[in-house]
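> Sequence and predicted structure are below.
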Amino acid sequence: MISRTKVMAEKTFRGALYLLAVLAIGLPSAAAAQKDGKAGPAAALTAAGEKLQARYADALAALQAEIAKAVPAIDEQRKSAYLNARAAENAAEAAVQKAQQSLAKIPQAKEAIGIWKKYSLPDATKKIAEAREQLKTAPTDDARAAAQKTLAAQEERLASVTANLKAAEEEIAKSESVQGKDVQAKFVQASQAAQDALAKAQAGTMQAVDALGLGPCLASDKLDAQLVKYVVLCEATPRGLAAFAQQGAEQAALVDKLLADGDLMKQMVSADGAAGGNYGRAMEIYAAIQMASPKAKDGVLQRLALAVALEHAVPIKQGNPAEQTNAPATVDPVKRYLSYEKAYLDGELDPAFKNLTAWDLRFVVNGDEPDETAAWGREMLRSYRPDLIFDPDYGWRYVNAVRTDVRYGSQNVQYDRPSLQNYQNIILNGGVCGRRAFFGRFILRAFGIPTTARPQPGHGALVHWTPDGWVCCLGGGWGSGWTPTRYNGDLDFLATTQARAAGAPYMQVKRAQWIGDVLGEKRVFGFSCGEPGLWYGASLYRQRAMVAQAKVLAAVGTNLGEANESAETKATAVVKAAVTDADKKVAVGPNGAITVPAAACSGSVQPMKSFLGGLQAFCGGAFRCEVDAPSPGKYRLAARVVSVGNETQLQLTLNDAKEPIAMTIPYTCGKWEQTKPVEVTLVQGKNVLSFGAPARGFTLKDITLTPVK
C-alpha cells in the first residue's frame, strides 16, 4: 500500500482542477458534468434541431425521475453520521499535512543543496565567464549591452543561489545540534501521532459509509441500462446531441442507435465517456472504424476501436515535422485504429496488448505522433536496441531508451532538423526532463503500452501500465505529482487503475458515480478533486476498500530525475545474449567476400538478440575483430549499422599500422544501412582490425570485406 506520508505529499502537489459545469438542460437537479477534452462551440440549432433537443431533454427528464424513484432512500441520521465522519477525517488530514511540513524541511534542504552544488552554482559560474568573454569581444554596442545584461542576471543568480545555500546549510547544522535533534524527534512523534489519528478517522468514515446500506444497490446491475443512458444524455447534453443529429439522417440514426444500445453505452461510460462529451462524433468514428475493418467488432480490436472513438471525439492535434507544412493538422482516428490493428496482427506490439481494456487503450491511442512516426519508433527500437524490447522488467521495458539514448541537456536542441518529427529529434539531440518524458511516453505508446503524463513541481515525468499495475518513471514516486486526467492527483489516478483491475466489482464504483450524477452531485473522481457528495463519497470509499486489497507495484524511476545524465555511450545491454561458436563464425563467400558477424567482435560491445535473426551488438567503445584472409590484397570494408546519433568518424587501425583509416558511421535515423566502403589491405592469414571508440554508440550487425578486382 502507498504510505499515508505519500498520501499527504500528494495533497501538497495537486494540479489545477478541471472545471465542473452544470449542464444547461432545463432540469433543476441535472448532474454537473465534467468535460474531458476541448470541444468547439456548438452549432446553431435549426428548427429540426430544436425538436431533437426537446426530445432528448424529455428523455433525460424521464430517466432522472425514473431512477430517482428507484434509488434507495438514505436514513438522515446515518447520512449525518457519514458527514460528521468526513469532517473528522478532513481535520485529521490537515493535521498530518501540517506535521509533515515541519518534518520535511531538512530533507528538502539537503536535496536543494545537492542540486545547487552540482548544477546551479557551476552553471551560473560558467555563464558568468562566458558573458565576460562576450563582453570583451562584443563587436557592437547592442552586443555589449546584451552581454552586460546576461552578466548581471547570472551574477544575481549566483548571489541568490549562494545565499540560499548558506541558509540551508545553517538550517541543517542547527538541526544536527543537540537541541535541533530534540526538535526533530518531536516532529517525528507529532507526525506519527497525526497519522495514527488519520488512520482511525478513515476507519470511522469507512464504517459510516457501510452503515448507509448502499451495498445491495451498488452490487446490482438492475438500473444500469437507465443509468448509462442518463449519463450519455447528460454528458453529451440534449443540445449537443441535437447539433450533431441535425446534420442529416445518417447522424440522427447514429444517435438513435447509440441510445438504443445499452451495452455499448455501458462500455463507453465505464471507460470515462467521449472526450468533450461528443458522443455523436464518437459514434461516427466507431461506425467508420467498423466499416473500415471487419476485425474491429470483437475482442481487443473492438476495445481498440472504442478507445479511438472516445479519445478522438475531440480532434487531437498532430505533431508533424516542421517542413511538412501540408501534413494533416489533426490525427485521423480511422487511420490511427488501422495502424494499431496492423501492428497488432503483425506481432509488433507488446504481448500484453491483447489484454488491455478500452479504458487502458485510451492511453495508447491519444498521442500526437503521426502513425508513421509510431511505426518508425517500433522499427527503430527493434533495429537499434532490441534488448530494451526483450527486457523482462516491465517497469523499464521500452522506456529505458530514455536512460540509454536520450542525452540529458538542452545544448543540442537548437540543431533539431525540420525534416524530422519531434520524437526523432529528441533521440537525436536529447533534452531535459520535458523532452525526455515526451519520448518515454511516445515509445511506450508505439508498442501499445498505456501511459500518461505525471508532472510534478519543476519536473516532467510519466506513469505507465504494467501487468502488475501502473508505475512511475522519470520522476519521484507516487504522491509527487498530478495527471492531466479527470482524476487530477496521481494517487487518485493510481487508485482508479487499481480498482479497475478488480474487474466486475469495480462497477460498484461507477454505479455510485452515476447515481450521484442523477441526484445532481458535483463530480469528484478522487479525494484531490474536492469534497464529494454522498454518492460520490460512497464511490471513493468503495474504491479505497478495493485498493486496500490490491497488490501495489513499487514505483520505479525515482533514480532518474531531471538532473540525471544518461549513459548512451556505454556498451551495456539490458538483456545480454549468450554467444555460441556458431554466432562468431566468420563466413567466406564464393566471390571471396568475408563476412564478420558482430558477435565475433570483442571489446566494448554487447551482443543482443536481433530481429534480423542471429545476434547483433551495441558498440559503445573501442572494439576489435580478427579476420583470416584466404588471399592477400585490397578489400572494400563496409559495415551494416544502425544509429540514432549524428554522423561520426570511427578510426580503424589494421594490423597495428601507424596511420588509422577514417571510417564514417552515418546517421541512419534508427534504420539499417551500409556504411560507405573504405579500402584496406589484408595480408594472407590472420588480420586484426581495431576500431576506436565512437563519439556515440551505434549498433552493428556485421562487417563485410569484399575483394577489389
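Sure thing, it's come through. Treat the numbers as computed from the prediction; the structure is a model and nothing was measured.
> which stretches of the stretch 1-150 of the chain have low pLDDT?
1-42, 102-104 (pLDDT under 70).
> What residues of stretch 256-272 count as buried?
For stretch 256-272, burial by neighbour count (16 or more other C-beta atoms under 10 Å) applies to L258, L259, L264, M265, K266, Q267, M268, V269, S270, A271, D272. Glycine gets a C-beta too; all of them are placed from N, C-alpha and C.
> Just give me the neighbour total for the residue nearest to the first one when sequence neighbours are not counted.
Looking back up the chat, that one is L258. Nearest non-adjacent residue to L258, counting by C-beta to C-beta, 6 or more residues apart in numbering: M283, 4.8 Å away. Residues near M283, counting by other C-beta atoms under 10 Å, number 27.
> and if you look at K335?
Using other C-beta under 10 Å, K335 has 16 neighbouring residues.
> Please identify the buried residues of the strand or helix carrying it?
Per DSSP states H and E: K335 is located in helix 333-345. Neighbour counts using 16+ other C-beta under 10 Å place P333, V334, K335, R336, Y337, L338, S339, Y340, E341, A343, Y344 of helix 333-345 among the buried residues.
> can you check stretch 80-94 too?
Neighbour-count burial for stretch 80-94 [16+ other C-beta under 10 Å]: A81, Y82, A85, R86, A88, E89, A92, E93.
> can I assume the third one sits in a helix?
I take that to be A85. Yes - per DSSP: H, G, I helix; E, B strand; the rest coil, A85 lies within a helix segment.
> show me the contacts for it.
A85 sits next to A201, G204, T205, Q207, A208 when contact means C-beta atoms under 8 Å, 6 or more residues apart in numbering.
> what separates it from V209, distance-wise?
In this view, A85 and V209 are 8 Å apart by C-beta to C-beta, to the nearest Å.
> now do the fourth one
To V209, R86 is 9 Å away according to C-beta to C-beta.
> same question, G670
53 Å.
> who's more crowded, these two?
V209 (26 against 23).
> Excluding chain neighbours, give the residue nearest to the more buried one in space.
Using C-beta to C-beta, 6+ apart, the closest residue to V209 is Y541 (4.4 Å).
> Show me which positions of the host helix or strand of that neighbour end up buried.
Assigned by DSSP H and E, Y541 belongs to helix 534-548. Within helix 534-548, the residues that count as buried by 16+ other C-beta under 10 Å are 534-547.
> Mind putting those into JSON lines with distance to S690 and pLDDT?
Below are the buried residues of helix 534-548 laid out as JSON lines (distance: C-beta to C-beta, whole Å; pLDDT from 0 to 100):
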{"residue": "L534", "distance to S690": "76", "pLDDT": "94"}
{"residue": "W535", "distance to S690": "73", "pLDDT": "96"}
{"residue": "Y536", "distance to S690": "69", "pLDDT": "96"}
{"residue": "G537", "distance to S690": "70", "pLDDT": "95"}
{"residue": "A538", "distance to S690": "71", "pLDDT": "94"}
{"residue": "S539", "distance to S690": "67", "pLDDT": "96"}
{"residue": "L540", "distance to S690": "65", "pLDDT": "95"}
{"residue": "Y541", "distance to S690": "68", "pLDDT": "94"}
{"residue": "R542", "distance to S690": "67", "pLDDT": "93"}
{"residue": "Q543", "distance to S690": "62", "pLDDT": "94"}
{"residue": "R544", "distance to S690": "63", "pLDDT": "92"}
{"residue": "A545", "distance to S690": "65", "pLDDT": "91"}
{"residue": "M546", "distance to S690": "61", "pLDDT": "90"}
{"residue": "V547", "distance to S690": "58", "pLDDT": "89"}
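> Closest one to P666 out of those, please.
Closest approach between these and P666, by C-beta to C-beta: V547, at 51.2 Å.
> Surely that closest one touches A499?
Yes - in terms of C-beta atoms under 8 Å, V547 counts as a neighbour of A499; the distance is 5.9 Å.
> show me what contacts K181?
Taking C-beta under 8 Å, 6+ apart as the criterion, K181 is in contact with S175.
> any idea how far it lies from E111?
20 Å.
> likewise P677?
Distance check for P677 against E111: by C-beta to C-beta, it reads 53 Å.
> between the two, who's got more neighbours?
Higher neighbour count among P677 and E111: P677, with 16 against 13, using other C-beta under 10 Å.
> Spatially nearest residue to the more buried one, not counting backbone neighbours?
Counting by C-beta to C-beta, 6+ apart, the residue nearest P677 is R636, at 4.0 Å.
> so what's the one you found scoring on pLDDT?
Predicted confidence (pLDDT) for R636: 97.
> doesn't it fall inside a helix?
No - counting by three-state DSSP, R636 falls outside a helix, being strand.
> Strands of the stretch 501-650 of the chain, start to end?
587-588, 594-597, 602-609, 615-629, 633-642, 648-654 (DSSP state E, counting those that start in this stretch).
> what kind of secondary structure is C669 in?
coil.
> Please name the residues that touch it.
W376, M380, L420, Q424, V644.
> 6 Å instead, please
C669 makes no contacts at all, as judged by C-beta atoms under 6 Å, 6 or more residues apart in numbering.
> Then W465?
If you count contacts by C-beta under 6 Å, 6+ apart, W465 has them with I449, P450.
> And it, how far from Q148?
Distance, W465 to Q148, by C-beta to C-beta: 52 Å.
> ditto for N488
Counting by C-beta to C-beta, the gap from N488 to Q148 is 45 Å.
> of those two, who's got more company?
With neighbours defined as other C-beta under 10 Å, N488 and Q148 compare such that N488 has more, 24 against 15.
> I figured the more buried one was touching G530, is that so?
No - between N488 and G530 there is no contact under C-beta atoms under 6 Å: 9.2 Å.
> Skipping its backbone neighbours, what lies nearest G481 in space?
Q456 (3.3 Å).
> so the one you found bridges to which residues?
Counting by DSSP bridges, Q456 is bridged to H459.
> Give me the three-state assignment for the residue lying closest to L151 once chain neighbours are set aside.
Sequence neighbours aside, A131 is the residue nearest to L151 in space, at 3.8 Å (criterion: C-beta to C-beta, 6+ apart). On the three-state scheme (three-state DSSP), A131 is labelled helix.
> How about the contacts made by A131?
Per C-beta under 6 Å, 6+ apart, neighbours of A131: A147, T150, L151.
> Just name the closest of those residues to G460, please.
Comparing the contacts of A131 against G460 with C-beta to C-beta places T150 closest, at 26.2 Å.
> I106 belongs to a strand, doesn't it?
No - per three-state DSSP, I106 lies outside any strand segment and is helix.
> Wait, it touches S175, no?
Yes - between I106 and S175 a contact is recorded at 5.1 Å, counting by C-beta under 6 Å.
> can you pull the pLDDT of K229?
98.
> Contacts for the host helix or strand of it, please.
Assigned by DSSP H and E, K229 falls within helix 224-236. With contact meaning C-beta under 6 Å, 6+ apart, helix 224-236 is reached by 23, 31, 33, 60, 63, 67, 262, 265-266, 269, 273, 277, 279, 514, 517-518.
> got a winner among those for most neighbours?
Busiest of the contacts of helix 224-236 [other C-beta under 10 Å] is Y279, holding 31 neighbours.
> Cool, thanks, signing off.
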